[in-house]
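Q: structure, please.
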Amino acid sequence: MPDAALSAYVGSYASAFSGTETAVVLWEDGLAMLPLPTTDPVTALVKIRKVGDHTFRRVRKDEALGETVTFEMGPDGRALRYVQHSNPYERRPVAIGSREAAGGGARGGAPSLTLPAGAPILRRRESAAGVPRRAPRRHGATTPCEP
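A: Take a look at the predicted model:
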């Protein structure tokens, strides 16, 4: 069971430089990082082990410790960003949040997915502007694919 204090690091982070996104999640007895998007989350998952105040190191397949991941904390006690390989990753506003964000109080516990009120929900074949997208076509087909 992970330490409840680790939930302060849980969230979705993005790099302004490369545009990549990473989810930091509670995993087994600690934390793990999951690059997004991924088609194979089990293989893509990377465990990180706490080695100091807000400092973690990647756990390699042979259990040796790899590079450092350092979190910078905000005044509310939650991580604002982390730095890995000298690259900063900022916490995203729409993220895997704490119970406070979900309206469950400040008791901590397992994180839950939260979205701000009024966040758009995209439906299949609909763009962000609500305009229907053109149906995909099979290679060589003259009619759209069926849903």
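
Q: ok, which stretches of this protein are strands?
A: With DSSP state E, the ranges of strands along the chain come out as 11-14, 21-27, 30-36, 46-52, 55-59, 65-73, 79-84, 87-91, 96-97, 112-113.

Q: ranking the ones you listed by burial, who's on top?
A: strand 11-14 (a mean of 22; mean count of other CB atoms under 10 Å). For glycine as for every other residue, the C-beta is placed from the backbone atoms N, C-alpha and C.

Q: walk me through which strands that one pairs with, and which way each runs.
A: Strand 11-14 sits in its sheet next to strand 21-27 (antiparallel), strand 87-91 (antiparallel), going by DSSP bridges.

Q: between the first one and strand 65-73, how many degrees?
A: Same thing as strand 21-27. Angle of strand 21-27 versus strand 65-73, following axes from the mean of the first three to the mean of the last three CA atoms, to 10 degrees, is 100 degrees.

Q: quick one: closest of the strands of the chain to Ala4.
A: Closest approach to Ala4 among the strands of the chain is made by strand 21-27 (9.5 Å; CB to CB).

Q: picking up where we left off before, how about the strands paired with strand 11-14 in TSV, adding mean pLDDT and distance to Val51?
A: Shown next, in TSV, are the strands paired with strand 11-14 (pLDDT from 0 to 100; distance: least, CB to CB, whole Å):
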stretch	mean pLDDT	distance to Val51
strand 21-27	93	16
strand 87-91	93	19
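
Q: just send these back as CSV, with distance to Asp3 too.
A: Output for these, formatted as CSV (distance: least, CB to CB, whole Å):
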stretch, distance to Asp3
strand 21-27, 9
strand 87-91, 20
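
Q: closest one to Ala14 among those?
A: strand 21-27 (4.7 Å).

Q: relative to strand 79-84, how tilted is the closest one?
A: Computed by the same axes, to 10 degrees, the angle separating strand 21-27 from strand 79-84 equals 100 degrees.

Q: picking up where we left off before, for the strands of the chain, give me TSV that also has distance to Ala4.
A: Listed next are those as TSV, based on distance: least, CB to CB, whole Å:
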stretch	distance to Ala4
strand 11-14	15
strand 21-27	9
strand 30-36	12
strand 46-52	13
strand 55-59	17
strand 65-73	16
strand 79-84	15
strand 87-91	19
strand 96-97	15
strand 112-113	15
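
Q: which residue, other than its chain neighbours, is closest to Val25?
A: Nearest non-adjacent residue to Val25, counting by CB to CB, 6 or more residues apart in numbering: Ala32, 5.5 Å away.
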